[in-house]
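[1] kindly generate the corresponding structure for this input.
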Amino acid sequence: MALLTWDPSYCVKVAELDGHHQKLFYLMNCLHDAMTRGKADGIIRGIVEDLVNHTIPIFREKKL
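    Now for the predicted structure:
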């Protein structure tokens, strides 16, 4: 079961940003799923790397 469920009310009406937000939901749900199944040790590094690789360029690009 997903920890976070995307809802259309979260949309900011900017396709690129909404896509980024949905990817973050997906990655967090992957991590949560692995943790609840006791499989986090094997995949946590990859998920954290995906989170970092996905978010840092966004903040650099937008200069937030």
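
[2] which one is Ile58 nearest to, not counting chain neighbours?
    His20 (5.8 Å; C-beta to C-beta, 6 or more residues apart in numbering). Bear in mind the C-beta positions are built from the backbone N, C-alpha and C, glycine included.

[3] hmm, who's touching the helix or strand hosting that neighbour?
    His20 is located in helix 15-36, with elements delineated by DSSP states H and E. Residues lying outside helix 15-36 but in contact with it, judged by C-beta atoms under 8 Å, 6 or more residues apart in numbering, are 2-6, 10-12, 40, 42-44, 47-48, 50-51, 54-55, 58.

[4] if we go to 6 Å?
    Among residues not part of helix 15-36, those counted as contacts by C-beta atoms under 6 Å, 6 or more residues apart in numbering are 2-4, 6, 11, 40, 43, 47, 50-51, 54, 58.

[5] just how off-centre is stretch 35-54 within its chain?
    Centre-to-centre, stretch 35-54 and its host chain are 11 Å apart (C-alpha atoms, centre = their mean, to the nearest Å).

[6] tell me the pLDDT of Lys63.
    Per-residue confidence (pLDDT) for Lys63: 54.

[7] now the most centrally placed residue in the chain: how far from Gly38?
    When the chain is reduced to its mean C-alpha position, the nearest residue by C-alpha atoms, centre = their mean turns out to be Leu24, at 1.7 Å. Distance from Leu24 to Gly38, counting by C-beta to C-beta, to the nearest Å: 24 Å.

[8] what about His20, neighbour count?
    As a burial measure, His20 scores 16 neighbours (other C-beta atoms under 10 Å).

[9] could you measure from it over to Pro8?
    For His20, the distance to Pro8 equals 16 Å [C-beta to C-beta].
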